[in-house]
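K.L.:
Compute the structure for the input listed below.
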Amino acid sequence: MESTDAPGTTRNPGDVADVIVIGAGVIGLGIAWTAARSGRRVVVVDPAPGTGASFAAAGMLAAVSEYHYQEEALLGLMLDSARRWPEFAAAAGPDCGYLATPTLCLAADAADRQAFADLRAAQEAHGLAVQPLTVREARKAEPLLAPGIAGAFTIEADHQVDPRRLVAALLGRLGDDALVPARAASLAWDGGRVAGVVLEDGQELRAAETVVANGLGARDLGGLPVALPLRPVYGDILRLRVPEALRPLVTATVRGLVRGRPVYVVPREDGTVVIGATQREDGSGAVSAGGVYELLRDAQALVPAVAELELTETTARARPGTPDNAPLLGRVGNVPGLIVATGFFRHGVLLTPAAAEVCRQLLEGRTDPQWDSFRPDRFASQPARIPAVSAAERGGS
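P.N.:
Here you go, the predicted structure:
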């Protein structure tokens, strides 16, 4: 006999949960927590929660300042998610590291000022709120800015969250029983539907719905009905401690252009700042010495006192990119029991509440056509297939 534990969820007697989420970064945990809040029993599978791209991320919730040309389709999802963040953060709890501080955008020279002017015109054309500032006004708000900056504007709607604190908060909300600290080897199939996940040791966990949300790891998951075209985009990011005499270094998130190169400085409540981030696709996951040098040099061009901070951490992680740099989000064809949520590239933290809401609706059997452009099978030349899962893929001998 089958039993229904939550709207839209039918669990079989052998199921360990209503929903299995593969991946415990901010995306996977956000989806799991939202599903749990809707009354579903959720299990999250990950051998090392929060140690991938989420560990390195600065956590800028920057739907406006992250707007790029030719990403109009993605802008709607970004704005939708930004609107959801206050409620999502409140549900995650006061320890999630959410701060509604504004973003201050700075141009280092005249050419950078013109580039920002062009970007601001495009932002305003889409109805995005951007407030120009004089250099005097910017330096009054942030006294440690360089006196020679060439231009400034502020964005009140772009906020921040600390992804490491967010991961810890969501894990705490879900509880120890929800985490399976193991690596997923393959999807488990039952006839024509995905029925759960097979772990590396061969153990099979079954659920009515399975969400693939393990970033770059998704492309290597066995049993997928379509290939997921993910590529690693590496980035260096720095963490520095601000001496007491210099606190606060800045109160707003500072995003700048320095001779055409983007750089940001994100202040944390604990007296540290995050500086980032480089972007490369050279296949190396190691921290780049040149990248560290460039970040410190460009950050100092905007905030000279960065030179007096203590460098406490250098990190490099790969973000999952797709051919069009938009996420793979939704169901795969007509395959029941499977949802994919990966490929969020540089927008993973920002898009967490929206991705979680899209997945919640899918679990309830509802779809929103406005997000169809992100379906995970949009690059497939052939229809989704039901794969024959080998013993090797299942982790067996």
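K.L.:
Quick check: next helix or strand after the longest helix belonging to the chain?
P.N.:
Looking across the chain with DSSP state H, the single longest helix is helix 72-92. Next along the chain after helix 72-92, taking DSSP states H and E as the criterion, comes strand 98-99.
K.L.:
so what's the backbone phi/psi at the residue most central in space within the chain?
P.N.:
Closest to where the C-alpha atoms of the chain average out (Cα atoms, centre = their mean) is Gly348, at 1.5 Å. The phi/psi pair for Gly348 (degrees, to the nearest 10) reads phi -60, psi -50.
K.L.:
Quick check: the gap between it and Thr51.
P.N.:
14 Å (Cβ to Cβ, to the nearest Å). C-betas here are computed from N, CA, C, even on glycine.
K.L.:
Ala36 too?
P.N.:
Taking Cβ to Cβ, one finds Ala36 at 22 Å from Thr51.
K.L.:
In terms of neighbours, single out the busier of the two.
P.N.:
Remark: of Ala36 and Thr51, Ala36 carries more neighbours, 22 against 15, as counted by other Cβ atoms under 10 Å.
K.L.:
I'd say that one and Val42 touch.
P.N.:
Yes. Counting by Cβ atoms under 8 Å, Val42 is a contact partner of Ala36 at 4.7 Å.
K.L.:
what about the helices in the stretch 101-250 of the chain?
P.N.:
110-125, 135-141, 163-174 (DSSP state H, counting those that start in this stretch).
K.L.:
Now render those helices as TSV, adding distance to Ser373 and mean pLDDT.
P.N.:
TSV is the format used below for the helices of the stretch 101-250 of the chain (distance: least, Cβ to Cβ, whole Å; pLDDT from 0 to 100):
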stretch	distance to Ser373	mean pLDDT
helix 110-125	20	88
helix 135-141	37	96
helix 163-174	26	98
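K.L.:
Most tightly packed of these?
P.N.:
helix 163-174 (a mean of 21; mean count of other Cβ atoms under 10 Å).
K.L.:
before we move on, back to that, pipe the helices of the stretch 101-250 of the chain into JSON lines and attach distance to Val212 per row.
P.N.:
Listed next are the helices of the stretch 101-250 of the chain as JSON lines, based on distance: least, Cβ to Cβ, whole Å:
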{"stretch": "helix 110-125", "distance to Val212": "33"}
{"stretch": "helix 135-141", "distance to Val212": "43"}
{"stretch": "helix 163-174", "distance to Val212": "18"}
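K.L.:
Out of the ones you listed, flag the one nearest Ala24.
P.N.:
Taking Cβ to Cβ, helix 163-174 is the member of the helices of the stretch 101-250 of the chain nearest to Ala24, at 7.3 Å.
K.L.:
so what does the closest one touch, helix or strand wise?
P.N.:
helix 26-37, helix 53-56, helix 72-92 (3 or more Cβ pairs under 8 Å, 6 or more residues apart in numbering; DSSP states H and E).
K.L.:
now, of those helices, which is deepest in the fold?
P.N.:
helix 26-37 (a mean of 27).
K.L.:
Show me what it is packed against.
P.N.:
strand 17-22, strand 42-45, helix 72-92, helix 163-174, strand 204-212, strand 338-342, helix 352-363.
K.L.:
so can I have CSV of these showing distance to Gly276?
P.N.:
Converted to CSV, the helices and strands packed on helix 26-37 look like this (distance: least, Cβ to Cβ, whole Å):
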stretch, distance to Gly276
strand 17-22, 27
strand 42-45, 27
helix 72-92, 19
helix 163-174, 12
strand 204-212, 27
strand 338-342, 21
helix 352-363, 18
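K.L.:
of those, which approaches Val306 most closely?
P.N.:
helix 163-174 (21.3 Å).
K.L.:
Give me the contacts around that closest one.
P.N.:
24-26, 29-30, 32-33, 36, 42, 44, 49-50, 54-55, 57-59, 92-93, 95-98, 179, 349 (Cβ atoms under 8 Å, 6 or more residues apart in numbering).
K.L.:
do the same with stretch 261-273
P.N.:
58-60, 97, 99, 101, 160, 162, 239-242, 244, 247-257, 274-277, 294-295, 298-299, 302-303, 306, 309, 312.
K.L.:
buried stuff in it?
P.N.:
For stretch 261-273, burial by neighbour count (16 or more other Cβ atoms under 10 Å) applies to 262-268, 272-273.
K.L.:
From those residues, which land in strands?
P.N.:
Within the buried residues of stretch 261-273, residues falling in strands by DSSP state E are 262-267, 272-273.
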